[in-house]
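Q: Build me a model from this:
(one chain, ligands or ions: 1)
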Amino acid sequence: MSSGTALVQFCDFPSTELGHSRDLQGLREDRMKEFKGKVAVITGAASGIGRGIAERCASEGMKVVLADIEEASLAKAEMELKTAGARVLGVRTDVSKRSDVELLARQALDAFGQVHLLFNNAGVAAGGAPWEATWNDWEWVIGVNLWGVIHGVKVFTPLILAQNTQCHIVNTSSASGLIAGGGSAPYAVTKHAVVALSESLYLSLQQRNSLVKVSVLCPGLVRTNIGNAERNRPAELRNEPVAMTPERQAGLTAFKAAIEASMPPSQVADVVFDAIRKEQFYILPHPEWTEVIQLRTDKLLRMENPQNPAATVAKLISLRG
Ligand SMILES: NC(=O)c1ccc[n+]([C@@H]2O[C@H](COP(=O)([O-])OP(=O)(O)OC[C@H]3O[C@@H](n4cnc5c(N)ncnc54)[C@H](O)[C@@H]3O)[C@@H](O)[C@H]2O)c1
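A: Numbering: from 1, shown residues only. Here you go, the predicted structure:
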């Protein structure tokens, strides 16, 4: 057998394997345009982008399952969405724990019967250069940002496939998942991995002509509480306290100011819903960031060494501010 044949066999899956095939013409007509009465599950739903998406789901008339590790803000979000008239279930979930995500799926199905939109969105940021980020930083960030999305995909996809209805999975990565050395090493590693995981999920489902669609969300800066992600770090993964140097303090202050001046989550939610309606895979709510993504892609294709994107990013932030 030639290596080419072996590769094709390795990559090729029978399109009827799951018994949920639709012809392509049918799929096009089946696009998800109406959300009213359908069910959304959102991780990291108590704050920032997840909260913005939850509000949008509620305003579309969806039943909404909010999953988050932070109990007080989860209860507040649940109460506020209920007061606004939505059918809501809050489930305290640590996405880095497989058993929590399995419980989340069970509770969502018990409450509302099906899941049509799944947002694997919870995320945290920590660490710095690869060798300086602590073991705890690596474990925490990979646990939430990568294992969290793997758990969501592994637990929910078979359940969603079994429904044989139109569904859409949106995984939150970041512009840092598309550029060279974006942000801290653990963060960049997980966000690149989420892009790869999402592409793999998209292509595998496409080969089966599945009704389940996939997108990967890659925002630039969004006005959220990500700058204060440490609030959710588990006690066993905390770092030894380090002295706050003037440089570190200046960096933190500049980051928080840039976040404060950035895009509101409601705007990200608008772009996400538009993409779901169009079955668009890559969601880049900040078109101006294409410049920095282009920089990496051009270097890669020319086999030139990576260039630090910081200067281009700083220019984008100052233009926006
Ligand atoms: N804010 C930005 O500029 C930006 C840019 C690109 C990508 N993102 C991504 O967007 C996603 C949402 O972050 P955000 O900016 O809205 O920040 P945020 O801190 O406002 O919201 C993140 C939410 O995730 C929750 N969370 C943290 N750890 C969790 C865990 N183990 N299990 C379940 N929930 C957990 C938090 O409690 C919080 O409610 C993240 O994946 C982040 O990496 C953010």
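
Q: tell me the helices in the chain, going along the chain?
A: 3-11, 24-29, 48-59, 71-83, 98-112, 135-141, 148-163, 185-207, 246-260, 265-278, 290-301, 310-320 (DSSP state H).

Q: hmm, the third one touching the ligand?
A: In other words, helix 48-59. Yes - Helix 48-59 is in contact with the ligand by C-beta under 6 Å from any ligand atom, via 48-50. In this view, the C-beta of every residue, glycine as well, is placed from N, C-alpha and C.

Q: Please save the CA atoms from that helix in PDB.
A: Output of helix 48-59 as PDB, limited to C-alpha atoms (Å, rounded to 0.1, in the frame of the first residue of the first chain):
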ATOM      1  CA  GLY A  48     -17.500  38.600  29.900                       C
ATOM      2  CA  ILE A  49     -18.000  36.900  26.500                       C
ATOM      3  CA  GLY A  50     -19.900  34.000  28.000                       C
ATOM      4  CA  ARG A  51     -22.300  36.300  29.700                       C
ATOM      5  CA  GLY A  52     -22.800  38.400  26.600                       C
ATOM      6  CA  ILE A  53     -23.600  35.200  24.600                       C
ATOM      7  CA  ALA A  54     -26.000  34.000  27.300                       C
ATOM      8  CA  GLU A  55     -27.900  37.400  27.200                       C
ATOM      9  CA  ARG A  56     -28.100  37.100  23.400                       C
ATOM     10  CA  CYS A  57     -29.300  33.500  23.600                       C
ATOM     11  CA  ALA A  58     -32.000  34.600  26.100                       C
ATOM     12  CA  SER A  59     -33.000  37.500  23.900                       C
END
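
Q: And that helix, what does it pack against?
A: strand 39-43, strand 63-68, helix 71-83, strand 117-120, helix 265-278 (3 or more C-beta pairs under 8 Å, 6 or more residues apart in numbering; DSSP states H and E).

Q: Swap in 10 Å and give it another go.
A: Helices and strands touching helix 48-59, by 3 or more C-beta pairs under 10 Å, 6 or more residues apart in numbering; DSSP states H and E, are strand 39-43, strand 63-68, helix 71-83, strand 88-92, strand 117-120, strand 167-172, helix 265-278.

Q: same question, the fourth one
A: Contacts of helix 71-83 with other secondary structure elements, assessed using 3+ C-beta pairs under 10 Å, 6+ apart, are made with helix 48-59, strand 63-68, strand 88-92.
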